[in-house]
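**Q** sequence and predicted structure, then a few things I'm wondering about:
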Amino acid sequence: MQARRYTFVIADRQTGAVRRLTISLWPALAAIAGLFSLPVLMGLGARWSASAAINDLQAAKTTLQVENASYREATGQLANQISALQAAVDELGERAAVDPTSRRAMDKLPTIVTSRAMGGATGVSGNAFAPVLKGGLGSPDTVLGVLSDLLGVIGTRLDSVRDTVERRRALAAATPSIWPVAGWLTSSYGNRTDPFTRGKDFHPGLDISAEYGVPVLATGDAIVTGAGPNGAYGNMVVLDHGFGILTKYGHLSRIAVTADQRVKRGDVIGYVGSTGRSTGSHLHYEVWMNGLLADPMTLLAH
C-alpha cells in the first residue's frame, strides 16, 4: 500500500513566489514521535545512570562503613596499648625511685655486685624498631599495623626495664646502708692495736659502743643464715643480703631472730651485749662482699 503524501503550498504575497513542500504521512508521524520521545528517552537514560551511580555510592558507603569500623577497632586497640604503656611508664617512674641513703650506698658497691644485680643492659634503641619499619609506611592499614608493632616492641622493652627496676629496688633494699645500732664508734675497720695483747692487729669491722640491751637492727633486707654462739664473736647473727653481700653482728647479749628467717632493713635482730672476746658492751659489725671483707663505713650514712 502506497503511503499517503501531502503537499503544503507556501506563497509570498509580495513577490508572488510559490513553494510546495510534499511529505509522506508515516515518516512525518515517525519524526514527530521521535521528537516527542527524545526527552523521555533522555530522562530514562539519566534515571538509569543516576540509579547506577546511587548503587555504586551505596556499595562504596558499605565498604567505607566496614573499613571505618575496622579502623575504629584498630585505633581503639592502639589507644588501649598506649594507655597501658603510659600506666607502665608511670609505675616504673614510681618504682624506680630509691631513697637517697640507699642510692649513695649503692653507688659505692663494687661493680661485680651491681652487675650481678642488674644483669645485661636493657633499653629501647632505634635498632629495635628496624624490623617493623623495614617495609615502610603506605596504606592506613599498614600504618596502623606498624604502629601496633612498634607499641608491641616498646611493651616488650618496658617489661625488660621493669625487671631491671625490680632488681635495682631489690639491691637498694638489700644494701647495708644504715647504722646497726645507736652508739659511738670505738674501733674502725683496718689496722689497729689489739685491746688485749696491745700488739698489731687487723680489725675486720666496726666496734660500736652502746648501752647494754640496746636493739641491734638489720642494715638491709636479708635472710638469717646464722644465729647463735660463734667463738670470739660471742652471740652472733649472720645475714645474707643476696648479690654476694653478707653482714655479721657480734657480741650480742640476746638474739632476736632464727635461721632462715627473712628480715627487713630496720628489723631488730638482737641486743647489744659483751659476749665472746669483748672488753665491754658494744656491737661488732662486719660487711662481706663476694667473699671478701669490706669497710662498712663506705656504705653507712655519715
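**A** That came in fine, so what should we check first? Numbering: from 1, shown residues only.
**Q** would you mind pulling the contact partners of the helix or strand hosting residue 286?
**A** Element membership for residue 286, per DSSP states H and E: strand 282-289. Strand 282-289 has contacts (CB atoms under 8 Å, 6 or more residues apart in numbering) with 109-110, 113, 176, 180-181, 183, 186, 204-210, 216, 219, 233, 244-252, 272, 274, 278, 293-296, 299. In this view, the C-beta of every residue, glycine as well, is placed from N, C-alpha and C.
**Q** quick one, what contacts residue 246?
**A** So, once contact is read as CB under 8 Å, 6+ apart, residue 246 ends up touching 225, 238, 239, 240, 287, 288, 289.
**Q** what sits opposite the last one in the beta ladder?
**A** Think residue 289. Per DSSP bridges, the residues bridged to residue 289 are residue 245, residue 292.
**Q** mind listing the helices for the chain?
**A** Along the chain, counting by DSSP state H, helices occupy 25-95, 100-107, 111-118, 130-133, 140-174.
**Q** weakest of these by average pLDDT?
**A** Lowest mean pLDDT within the helices of the chain: helix 130-133, at a mean of 49.
**Q** for residue 17, grab phi and psi.
**A** When read as degrees, to the nearest 10, the backbone of residue 17 gives phi -70, psi 140.
**Q** for it, which non-adjacent residue is closest in space?
**A** residue 11 (7.2 Å; CB to CB, 6 or more residues apart in numbering).
**Q** tally of neighbours for the one you found?
**A** 10 (other CB atoms under 10 Å).
**Q** right, and it touches residue 18 too?
**A** Yes - at 4.8 Å, residue 11 counts as touching residue 18 under the criterion of CB atoms under 8 Å.
**Q** give me the domain ranges for the protein.
**A** 5-62, 68-174, 184-298 (automatic domain parsing).
**Q** the contacts of strand 282-289, buried ones only, as a ChimeraX selection?
**A** A single ChimeraX command is used to select the members of the contacts of strand 282-289 judged buried by 16 or more other CB atoms under 10 Å:
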select :109,113,176,180,181,183,204,205,206,207,208,209,210,216,219,233,244,245,246,247,248,249,250,251,252,272,278,294,296,299
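**Q** just to be sure, which of the contacts of strand 282-289 are found in strands?
**A** In strands, defined here by DSSP state E, the members of those are 186, 206-209, 216, 245-252, 272, 293-294.
**Q** can you get me the start-to-end distance on stretch 190-199?
**A** Taking CA to CA, to the nearest Å, the first and last residues of stretch 190-199 lie 14 Å apart.
**Q** quick one: low-confidence parts of the stretch 201-302 of the chain?
**A** Counting by pLDDT under 70, the stretch 201-302 of the chain has low-confidence residues at 301-302.
**Q** mind running it again at 50?
**A** Within the stretch 201-302 of the chain, not a single segment meets pLDDT under 50.
**Q** many thanks, have a good one.
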